[in-house]
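S.K.: Could you work out the structure for the sequence below:
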Amino acid sequence: MRASTQARALATGAALVALAGAGAEPAEAQERLEGAWRVDALIGPGSRLVDSPQPGLLLFVDGHYSYTFVTSEGPRPPLPIGPATAEALVDVWNPFTANAGTFEVSGDTMRRRPIVAKSPDAMAAGAFNDYTFRIVADTLWVTPTGTEAGPTRNASTVRYVRAR
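M.R.: Have a look, this model is predicted:
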């Protein structure tokens, strides 16, 4: 009888620890995200690797994020002095993305809700971006999984390192 009581007590204790850990996990993961992360590599569909990507920075602080990233594989051309053609503006602005807003974490998923963005559609009412993420030491991997429009197809993973 005593062994069975001890087993129940251990099982109950283990369940309580698991529940307490589950409740604390999002806060802990959110705290581990806090800070500045710079883009280190892109891992595209089919394991295509870009290990010298253009600059990008992802910041997390107090439930808010800011994201700026040059999406081209090479440097953007300089903006011409004086009046610019539509083509020159596209060459400079298209391979750049930026947005900032709030974020929430649940387990290994993150939902970001842009408040301000380069793209007006990205900051429309109800807009969000979902991601899975993983942190190991000072390295963060982030993979988009969907938006309010549906699942992401052919997602690339961005690898970040903590900025110093």
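
S.K.: max-length strand in this structure?
M.R.: Identified as the longest strand of the chain according to DSSP state E is strand 96-106.

S.K.: Packing partners of it?
M.R.: Counting contacts by 3 or more C-beta pairs under 8 Å, 6 or more residues apart in numbering; DSSP states H and E, strand 96-106 packs against helix 2-33, strand 64-70, strand 109-117. Any C-beta I mention is one placed from the backbone N, CA and C, and that applies to glycine too.

S.K.: Of all the residues in it, which ones are buried?
M.R.: Of the residues in strand 96-106, T97, A98, N99, A100, G101, F103, V105 count as buried by neighbour count, 16 or more other C-beta atoms under 10 Å.

S.K.: Could you do stretch 156-164 as well?
M.R.: T157, V158, R159, Y160.

S.K.: so who does the first one touch?
M.R.: Spelled out, that is T157. L42, I43, W141, V142, T143 (C-beta atoms under 8 Å, 6 or more residues apart in numbering).

S.K.: neighbours of the residue nearest to L79 when sequence neighbours are not counted, just the number please.
M.R.: Nearest residue to L79 in three dimensions, chain neighbours excluded: V92, at 5.1 Å (C-beta to C-beta, 6 or more residues apart in numbering). When counting by other C-beta atoms under 10 Å, one arrives at 15 neighbours for V92.

S.K.: looking at this, V92 is in a strand?
M.R.: No: assignment of V92 by DSSP: H, G, I helix; E, B strand; the rest coil gives helix, placing it outside any strand.

S.K.: Surely it and P75 touch.
M.R.: No: using C-beta atoms under 8 Å as the test, V92 is too far from P75 to be in contact (10.7 Å).

S.K.: For the buried residues of stretch 156-164, give me JSON lines that also has secondary structure.
M.R.: Output for the buried residues of stretch 156-164, formatted as JSON lines (three-state DSSP):
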{"residue": "T157", "secondary structure": "strand"}
{"residue": "V158", "secondary structure": "strand"}
{"residue": "R159", "secondary structure": "strand"}
{"residue": "Y160", "secondary structure": "strand"}
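
S.K.: and the buried residues of strand 96-106 as JSON lines, adding distance to Y65 and pLDDT?
M.R.: Conversion of the buried residues of strand 96-106 to JSON lines gives the following (distance: C-beta to C-beta, whole Å; pLDDT from 0 to 100):
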{"residue": "T97", "distance to Y65": "13", "pLDDT": "95"}
{"residue": "A98", "distance to Y65": "11", "pLDDT": "96"}
{"residue": "N99", "distance to Y65": "8", "pLDDT": "96"}
{"residue": "A100", "distance to Y65": "6", "pLDDT": "98"}
{"residue": "G101", "distance to Y65": "7", "pLDDT": "98"}
{"residue": "F103", "distance to Y65": "5", "pLDDT": "97"}
{"residue": "V105", "distance to Y65": "11", "pLDDT": "96"}
